[in-house]
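Colleague: The following comprises the amino acid sequence and a computationally predicted model.
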Amino acid sequence: MSLRGKNSQGQTLSEIRREKRRKRKTRKRILLGLMLILMICIGLLFTPLFNLKEIDLNGNEKVSAKEILDKSGFVLGENIFKFRLNQAGENIAKIPYINSVILQRKLPKSIEITVTECIPLAYIQSSGGMVVVDKDGKVLEKKEEQTSYMIPILFDF
């Protein structure tokens, strides 16, 4: 075999070998780059730099901060990337007085929770007692009697 021979595309054997070496080097570089990115991601998950140190809570008046934090499932000292914000938001939204929730990671060590509460619109009187509803008809709470809100009472006949 001579190195001077040409293939069907007009390349010499040395050119073909050079191209194969170049492709192998490129594959190795891509693999090393992916491994480096993976190691960095794993390192970020386990480094104490991103451990949750504070939780900022905004917008709550009626609902206690303790109730919101209990529903969120956030634990101080855990890595902030381990928490599923969507799941925590769904859990917080199940609280009757919560209308909407926005959760954001604030790097490197905090999470911000912003809630919008429902505004009571009326009491509805029924045989089982009274319920407080908002403008969408969402039942906020059940009461035995009218108490703290200055809102109209609707009767069920």
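Modeller: Yep, that arrived. Remember, it's a predicted structure, so these values are computed and weren't measured experimentally.

Colleague: Look up how far Gln104 lies from the spatially most central residue of the chain.
Modeller: Geometric centre of the chain, nearest residue: Leu85, 2.2 Å, by CA atoms, centre = their mean. Leu85 is 8 Å from Gln104, where distance means CB to CB, to the nearest Å. Every C-beta, even on glycine, is put in place using the N, C-alpha and C of the backbone.

Colleague: Find residues that contact each of those two.
Modeller: Ile111 (CB atoms under 8 Å, 6 or more residues apart in numbering).

Colleague: sorry, back to before: residues in contact with the residue nearest to the centre of the chain?
Modeller: Counting by CB under 8 Å, 6+ apart, Leu85 has contacts 103-105, 111.

Colleague: Looking at those residues, which one is closest to Ile16?
Modeller: Distance to Ile16 across these (CB to CB) is lowest for Arg105, with 51.0 Å.

Colleague: May I see the buried residues of the helix or strand hosting that closest one?
Modeller: If you go by DSSP states H and E, Arg105 is part of strand 98-106. Applying a neighbour-count criterion of 16 or more other CB atoms under 10 Å, one finds 98-99, 101, 103 buried in strand 98-106.

Colleague: Of the contacts of Leu85, just say which sits nearest to Lys142.
Modeller: Nearest to Lys142 among the contacts of Leu85: Leu103, at 28.6 Å, using CB to CB.

Colleague: Quick one: residues contacting the closest one.
Modeller: Residues counted as contacts of Leu103 (CB under 8 Å, 6+ apart) are 72, 85, 88-89, 111-114.
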